[in-house]
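**Q** Any chance you could fold what I've pasted below:
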Amino acid sequence: MSQYLDETNSDQRRELTERRFSGDLSISNKELMKAFAIDPDYDPYDLALDEIDPSHPSLFLHGTFWKHFERLRNEDPVHYHEESIFGPYWSVTKYADIQYVDTHHGIFSSHQKHGGIALGGIPGRDDDYSLPMFIAEDPPKHDEQRKVVSPLFSPKNVNDLEPLIRERACSILDNLPRNEEFNWVRHVSVELTAQMLATLFDVPQEDRMKLIDWSDTIQSLSDPDEYESAEEGFLKLFECRDYFQAYFDERKTQPPKFDLISLLAHDPSTNEMDPREFLGNIMLLIVGGNDTTRNSISGGVLALNENPAEYDKLRENLDLIPNMVSEIIRWQSPVAHMARTANEDTELGGKTIKKGDRVCMWYISGNRDDEAIPHADQFLIDRERVRQHTAFGYGIHRCVGNRLAEMQLRVIWEEIMKRFPKVEVTGEPIGLASSFIHGIRELPVTIRAS
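**A** Numbering: from 1, shown residues only. Alright, predicted model coming up:
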């Protein structure tokens, strides 16, 4: 048995991925998805271990990936997938192994020329549709460029931003409808993060939804329902490049200011980026500031509705909110994976990983590893050692904006609990067809008038 609907087409699937990941861009998203079509509800325990592949976007769209990771953690935590929609790669599913890969950047490269930080990256790709960015670099360039934007996310600056975030959270929540179903993602999660992004870049608030649209675009580049090819989606991303290039050029001529564009424009390591690298770093900062926080805001509402005893616990003790924020981030794991490429032959979990092999750290699986996190399959807002999770990564690539993300979640939940005894999920959530960002596109909720 195979997880693929066309069980006889293994040779064609392998040929397609070999061509795609050797740089043949003539293969469309639809062609690839058709060859790798699956029933997302299949039971991974019905397959031979070698047949299991948790990376298919359909599993994330339908939320049916959990048992795949459970089986891999228990039976083969460092597992080689010879055949997948992203080509061959290693799955790393246990907490300790993920931490090892993430903290050994000399052995495991993030560099774009090797395939970058997400499954699906094409090694050696160097054209208008490749996006260099500092997260897809190794030291020293990674460290130099990361330092440029880091001051904006310092504890002091995050604290200084809190009153503004609270004011905006209050305004958003006070204007929500009552006794009427609406999409929490669009009305709350997206709105709060969009306003924050516009502030960080110092662009007009009336343009904030452009940033969200560009963020959504980059997450949908491989979705055949959105784009026939990634190149088609890039036409919209080039609009993003042109938009920010105008601000970048302007701020080069102005005295330095404390916003992301000005910081990039005035530092020697970033003020002469070519158009591809400029767009890459802009998209990194947009996605990092949008997708992770917004999906945790939405994921928290869903988690509390699915675990009503925890919602009761929260109502009885609002002092649990800071602790709950970390539990929400662990539970949602908004960045499902990060990928690396082996710089040398190495051993992990008793397996020999060859130089050039792609390695996937499944953060979302590490956060359900009960050997590292007691009762990991339970959502517990009063969990001890709650910040012991993989969601922000480790080492030199640890999320630069983690403090800002936690603060935004804390503030929005403090203000939610002042206003509403419950935000009730009243419809089926719709997920994101991505195994990179664990996202929620729609979350129908109703707030009952008191």
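
**Q** What helices and strands are in contact with the least confident helix or strand in the chain by mean pLDDT?
**A** When the helices and strands of the chain are compared on mean pLDDT, DSSP states H and E, helix 29-35 comes out lowest with a mean of 83. The contact analysis (3 or more Cβ pairs under 8 Å, 6 or more residues apart in numbering; DSSP states H and E) places helix 29-35 against helix 10-20. Every residue, glycine included, has its C-beta placed from N, CA and C.

**Q** Now the helix it packs on: buried residues?
**A** The neighbour-count check on helix 10-20 (16 or more other Cβ atoms under 10 Å) flags 13, 16, 17, 20 as buried.

**Q** which residues touch the second one?
**A** Neighbouring residues of residue 16 by Cβ atoms under 8 Å, 6 or more residues apart in numbering: 27, 31, 32, 35.

**Q** How about residue 17?
**A** Per Cβ under 8 Å, 6+ apart, neighbours of residue 17: 32, 83, 84, 85, 86, 87, 88.

**Q** and the third one, how far is that from residue 362?
**A** Just to be clear, that refers to residue 84. 13 Å (Cβ to Cβ, to the nearest Å).

**Q** between those two, which one's more packed in?
**A** residue 362 (29 against 21; other Cβ atoms under 10 Å).

**Q** so what's that one up against?
**A** 54, 69, 91, 92, 93, 98, 336, 337.

**Q** ditto for residue 147
**A** residue 269.

**Q** One more: residue 165?
**A** 192, 196, 407, 408, 411.

**Q** Surely residue 360 is in a strand?
**A** Yes. Counting by DSSP: H, G, I helix; E, B strand; the rest coil, residue 360 is found in a strand.

**Q** Let me know the closest of the contacts of residue 17 to residue 117.
**A** Nearest to residue 117 out of the contacts of residue 17 is residue 86 (Cβ to Cβ; 12.9 Å).

**Q** My guess is the closest one contacts residue 122. True?
**A** No. Applying Cβ atoms under 8 Å, one finds residue 86 not in contact with residue 122, separated by 10.2 Å.

**Q** can you pull out the helices in the stretch 301-450 of the chain?
**A** Here the stretch 301-450 of the chain has its helices, by DSSP state H, counting those that start in this stretch, at 308-316, 321-332, 363-366, 402-419.

**Q** Could you figure out how far the first one is turned away from helix 402-419?
**A** Counting by axes from the mean of the first three to the mean of the last three Cα atoms, to 10 degrees, helix 308-316 points 80 degrees away from the direction of helix 402-419.

**Q** ranges for the strands of the protein?
**A** For the chain, strands defined by DSSP state E occupy the ranges 78-81, 89-92, 108-109, 182-183, 337-342, 346-348, 351-353, 358-362, 424-425, 430-431, 440-442, 444-446.
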